[in-house]
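J.: Provided below for reference: sequence and predicted model.
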Amino acid sequence: VENTVGIGSQMFWLRGLRGLRGLRLLRAAAKIQRIRIVVSTFIKVLGAVGEVLLVGILFYFIFAVMTVSLLGGKLFYCTDFATRDTPSPLDPYYLLGTGNINEDWCRASNRTINTSVYHSSLNISVPDWQLNTTWTADLTRFDNVIQAIWTLFQMATLESWSDMMYSYADATEIGEQPLTNANRAIDFFFIVFIVIGAFLLLNLIIGLAIEKYQEISTSKDGMSPLLTEEQQQWLTIQRLMAATSLTTKYQPPSRPARRVAYVLVCHPLFDRFILACILANVLVMFMTHHNEGFVWSTVLSACNTFFTAVFLVEMLLKWMAYGVKLYFKDRWNVLDCVVVVVSVAGVVVDYSSRDYQPILAFLRIFRAVRVFRLIVRSK
């Protein structure tokens, strides 16, 4: 139509209709079953949260009207035209001494500055310089309801909302530049909005969307609404295969010494004792802190040596009971072995010399890996 009729420059915005050509992709996407399922699920979830969205818009409208009444036209400030790309308010105390910069003073535009309160107090003359001012404001303000809703939604995303709140607390009167902390009471208003508009409404919409998704999943006998029937069957089979695992069964060794180690390692009390040592070792690691006394550091070092010895004996007993080859077939045993080797190296360096402080500090970091031994014994 635009090309045929020849629309003038005043109707250039109609050229944006060309962007609707991208909707042609939906025709191709509609033929793909996976995309149809995702779009249909999205439409169902969107319909469920529609009423909550209307309530949220109502609350945002109420807060927007209130902010327009409280801050409308009060966030403009005077800035140097030379710094218009990164504007910042001029200092009224530096230029005026007393009072505040207002719109009439700022719109006087080009003026010659040859003194300031600061330089006058020091009896220092200032060379003449030109100050070309402009009356401006940031985009995030509350001059009308639409702009206020946009600004409030930006704050609700919690992206630098506290910085925005502090800047709004500088608002004074219409036609006057904001002053630092001139209206601190407005902070409570924005805190209430964050609680309602961000923590309550947005999370409520997300929660309802998740609940609707679960309802759709339940109506399909627990299957995901985003998967086709063939995909769901394949996923179910994969889950069954992943849940099915072989349990390693160690055979009792024939040699008497190894048999004794096997009986000891397989006894339930042995696992409980090792678990208690791991928990106690974690507790000891919690007790370390900066500027430890000599006695406290010695006690913690002795405890670390004791637990390292216990874990080393545990590993050696399992080597005797299961055999080294079968022991390392279990990946968790490999983790246990790494932890024990690092712990033994740390104890050796700790007691051998103080010249290896960087290495000692590096090895002490790996003591925290012992916490992962709890995963081995978790069900």
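T.: The structure has been received and is ready for your questions.
J.: three-state assignment of Leu232?
T.: Actually, residue 232 is Gln rather than Leu. Under DSSP: H, G, I helix; E, B strand; the rest coil, the three-state class of Gln232 is helix.
J.: how many other residues sit next to it?
T.: Burial of Gln232, expressed as a neighbour count using other CB atoms under 10 Å, amounts to 17. Glycine gets a C-beta too; all of them are placed from N, C-alpha and C.
J.: mind checking pLDDT for it?
T.: On pLDDT, Gln232 comes in at 72.
J.: kindly provide the distance from it to Val45.
T.: Between Gln232 and Val45 the distance, using CB to CB, to the nearest Å, works out to 19 Å.
J.: can you check Ile210 too?
T.: Ile210 sits 9 Å away from Val45, taking CB to CB as the criterion.
J.: Ala171 now?
T.: Counting by CB to CB - Ala171 and Val45 are separated by 40 Å.
J.: quick one, which of those two is more surrounded?
T.: A direct count of neighbours by other CB under 10 Å for Ala171 and Val45 places Ala171 higher, at 23 against 19.
J.: find me the pLDDT at the closest residue to the more buried one other than its chain neighbours, would you?
T.: With sequence-adjacent residues excluded and distances taken as CB to CB, 6 or more residues apart in numbering, Ala171 is closest to Lys74, at 4.1 Å. With respect to pLDDT, Lys74 has a value of 90.
J.: with Arg259 instead?
T.: You'll see Arg259 listed with a pLDDT of 88.
J.: measure the nearest residue to Phe76 once chain neighbours are set aside to Ser160 for me?
T.: Excluding its sequence neighbours, the residue lying closest to Phe76 (CB to CB, 6+ apart) is Ala137, at 4.3 Å. Using CB to CB, one gets 17 Å for the distance from Ala137 to Ser160.
J.: next one: Asp350
T.: Asp350 sits 47 Å away from Ser160, going by CB to CB.
J.: the more surrounded of these two?
T.: Set side by side, Asp350 and Ser160 show unequal neighbour counts under other CB under 10 Å, the larger going to Asp350 at 17 against 12.
J.: what's next to stretch 183-196, contact-wise?
T.: By CB atoms under 8 Å, 6 or more residues apart in numbering, the surrounding residues in contact with stretch 183-196 are 59, 63, 66-67, 70-71, 152, 155-156, 158, 161, 164-166, 168-172.
J.: now the residues you listed: which count as buried?
T.: Neighbour-count burial within the contacts of stretch 183-196 applies to 59, 63, 67, 71, 152, 155-156, 161, 164-165, 168-171; the criterion is 16 or more other CB atoms under 10 Å.
J.: okay, buried residues for the helix or strand hosting Ile191 please.
T.: Using DSSP states H and E, the element containing Ile191 is helix 186-193. Applying a neighbour-count criterion of 16+ other CB under 10 Å, one finds Ile186, Phe189, Phe190, Phe193 buried in helix 186-193.
J.: how about low-confidence regions in the stretch 201-350 of the chain?
T.: 216-229, 243-248 (pLDDT under 70).
J.: now do the helices in it.
T.: With helices called from DSSP state H, counting those that start in this stretch, the stretch 201-350 of the chain shows them at 203-219, 229-243, 256-266, 268-286, 294-322, 324-327, 331-352.
J.: closest one to Tyr250 among these?
T.: Within the helices of the stretch 201-350 of the chain, the stretch nearest Tyr250 is helix 294-322; the backing value is 5.1 Å (CB to CB).
J.: relative to helix 268-286, how tilted is that closest one?
T.: Orientation of helix 294-322 against helix 268-286 (axes from the mean of the first three to the mean of the last three CA atoms, to 10 degrees) gives an angle of 150 degrees.
J.: flag every buried residue along helix 294-322.
T.: So, applying 16+ other CB under 10 Å, buried residues of helix 294-322: 300, 303-305, 307-308, 310-311, 314-315, 317-322.
J.: try stretch 83-96
T.: For stretch 83-96, using 16+ other CB under 10 Å, the buried residues are Pro87, Pro89, Leu90, Pro92, Leu95.
J.: out of the residues you listed, which is nearest to Cys266?
T.: Comparing the buried residues of stretch 83-96 against Cys266 with CB to CB places Pro87 closest, at 75.7 Å.
J.: how is the closest one assigned, secondary-structure-wise?
T.: Applying three-state DSSP to Pro87 yields a three-state assignment of coil.
J.: ignoring the adjacent residues along the chain, who's closest to it?
T.: Nearest residue to Pro87, sequence neighbours excluded (CB to CB, 6+ apart): Thr79, at 4.1 Å.
J.: need the contact list for that neighbour.
T.: Contacts for Thr79 were tallied using CB under 8 Å, 6+ apart; they are Pro87, Ser88, Pro89, Leu90, Thr133, Thr134, Thr136.
J.: that one sits in which helix or strand?
T.: Assigned by DSSP H and E, Thr79 falls within strand 77-80.
J.: I am finished for the moment; much appreciated.
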